[in-house]
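Engineer: Need coordinates for the following:
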Amino acid sequence: MEQTISIENRIKEIFTDDPLYLVIKETPTEQLFLSEPYLSNLIEKKFYSTPEVASWFDVTDAQIRYYIKPFEEYLFDDEASNPTTASVIRLDFKAVLKLRMILLLKDEYRVKGLKQLLRINKDGHIVKKRTSTTTEVGMPDNIEYRLNAMSQALEQIMKTGLFKMEHNEETKQMQLSLNDDFFKQDIKALSPEPSQELEEVQMATKKLEQENTELKMKVEEIMASNKEDIAIRIREKAIEQLVLSRLQNEAVQQYSQQKKPTLFQKLFRSAQLEVDKKLYIAAYIEEKFTKQLTQALLEYHEQSLSYQDE
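Structural biologist: Numbers count the residues shown, from 1 in each chain. As a prediction, the model looks like this:
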């Protein structure tokens, strides 16, 4: 017997690494996205016209076409099998779902923000991400930018030969230190007559040592700040998940206390009852999520400040 997979699990399977799905994942919007009534009509190997899709999303055909144009490469994946013509646009299973995510996020991100999430350049093409041979931990863009700038600056400093990387036996870490051999070679090359030039070199050396110390302190401050920012973000995300989980449980309990369906309804309307349940949960979370999350984050930050004062 052929094993079937639910539409919800199929969507999660297809869009595991999709940039837009990652944005709505584990938020109230995900519940709405995975439980809308039109999903029961969606067939994976079928194509749909823009008027038909517009009726599902309660928008006009013109609005559908407006949001298709800037995201064509994302929606259609350059598929040659797509029966789209100059006048008639046909959307397959994946394109319909991608377009729905665009419409769900358009008010928050606008077209420009959505393009940035999808890495679409000014020519309308998706810029492929550089693949890495190692596993990288994602970090906020501003932190990544600062670390890249520091890395480039350190690389330029190392090229001058003024500094070198050494292993500190006490801390068991690599550290930046002044390259004495570099100055010894330059001093040997100097003429023994101009002692004034030798003094200038020595003064320059002291100045570089001081600048090196200041640079190391700034690097340490930035790294400490970055670690603190990341820790706060991780904690805030954990709080968000706790609030979401609590609201989901509350919604399930309240829904179960409502009038229970009859045996006839369970037998012949089980699919619709499941959709109604998901819509109820999504609506409940959407109503209370923002307020409760704000309160939880406020309590967390107030508690953090009280610890700092102590």
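
Engineer: Below-threshold pLDDT in the stretch 1-150 of the chain: ranges please.
Structural biologist: For the stretch 1-150 of the chain, the stretches with pLDDT under 70 are 1-4, 78-86, 129-150.

Engineer: All the helices of it, in order from the start?
Structural biologist: 7-14, 19-24, 28-33, 50-57, 61-68, 72-76, 93-118, 141-160 (DSSP state H, counting those that start in this stretch).

Engineer: Are there helices or strands packed against the fifth one, and which ones?
Structural biologist: Helix 61-68 sits against helix 50-57, helix 93-118, with contacts defined as 3 or more Cβ pairs under 8 Å, 6 or more residues apart in numbering; DSSP states H and E. For every residue, glycine as well, the C-beta is placed using N, CA and C.

Engineer: repeat that for 6 Å
Structural biologist: Judged by 3 or more Cβ pairs under 6 Å, 6 or more residues apart in numbering; DSSP states H and E, helix 61-68 is in contact with helix 50-57.

Engineer: Show me what counts as buried in the helix it packs on.
Structural biologist: For helix 50-57, the neighbour count (16 or more other Cβ atoms under 10 Å) marks 50, 52, 53, 54, 56, 57 as buried.

Engineer: how far away is the fifth one from residue 278?
Structural biologist: Residue 56 sits 17 Å away from residue 278 when distances are taken as Cβ to Cβ, to the nearest Å.

Engineer: Then the second one?
Structural biologist: Note on residue 52: its distance to residue 278, by Cβ to Cβ, is 23 Å.

Engineer: just the fourth one next, same as before
Structural biologist: Counting by Cβ to Cβ, the gap between residue 54 and residue 278 amounts to 23 Å.

Engineer: Can you get me a residue count around residue 169?
Structural biologist: Residue 169: 7 surrounding residues under other Cβ atoms under 10 Å.

Engineer: Phi, psi for it please.
Structural biologist: With angles defined as degrees, to the nearest 10, residue 169 sits at phi -70, psi -30.

Engineer: Tell me who's in contact with it.
Structural biologist: Residues in contact with residue 169 (Cβ atoms under 6 Å, 6 or more residues apart in numbering): none are found.

Engineer: Please shift the residue numbers so they start at 512 in all later answers.
Structural biologist: Fine by me, first position is 512 from now on; the one you just mentioned is residue 680.

Engineer: per-residue confidence for it?
Structural biologist: pLDDT recorded at residue 680 is 70.

Engineer: Check the one 5 residues further on too.
Structural biologist: What the model reports as pLDDT for residue 685 is 62.

Engineer: returning to that earlier point: would JSON lines of the helices of the stretch 512-661 of the chain with distance to residue 748 be doable?
Structural biologist: Putting those into JSON lines (distance: least, Cβ to Cβ, whole Å) gives the following:
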{"stretch": "helix 518-525", "distance to residue 748": "19"}
{"stretch": "helix 530-535", "distance to residue 748": "13"}
{"stretch": "helix 539-544", "distance to residue 748": "15"}
{"stretch": "helix 561-568", "distance to residue 748": "30"}
{"stretch": "helix 572-579", "distance to residue 748": "29"}
{"stretch": "helix 583-587", "distance to residue 748": "26"}
{"stretch": "helix 604-629", "distance to residue 748": "18"}
{"stretch": "helix 652-671", "distance to residue 748": "15"}
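
Engineer: Most tightly packed of those helices?
Structural biologist: For the helices of the stretch 512-661 of the chain, average neighbour numbers computed from mean count of other Cβ atoms under 10 Å are highest in helix 539-544, which has a mean of 21.

Engineer: Would you mind writing the CA trace of it as PDB?
Structural biologist: Output in PDB follows, covering the C-alpha atoms of helix 539-544 (Å, rounded to 0.1, in the frame of the first residue of the first chain):
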ATOM      1  CA  PRO A 539       2.400  32.500  14.500                       C
ATOM      2  CA  THR A 540       2.600  33.100  10.700                       C
ATOM      3  CA  GLU A 541       3.800  29.500  10.200                       C
ATOM      4  CA  GLN A 542       0.600  28.200  11.700                       C
ATOM      5  CA  LEU A 543      -1.500  30.200   9.300                       C
ATOM      6  CA  PHE A 544       0.700  29.300   6.300                       C
END
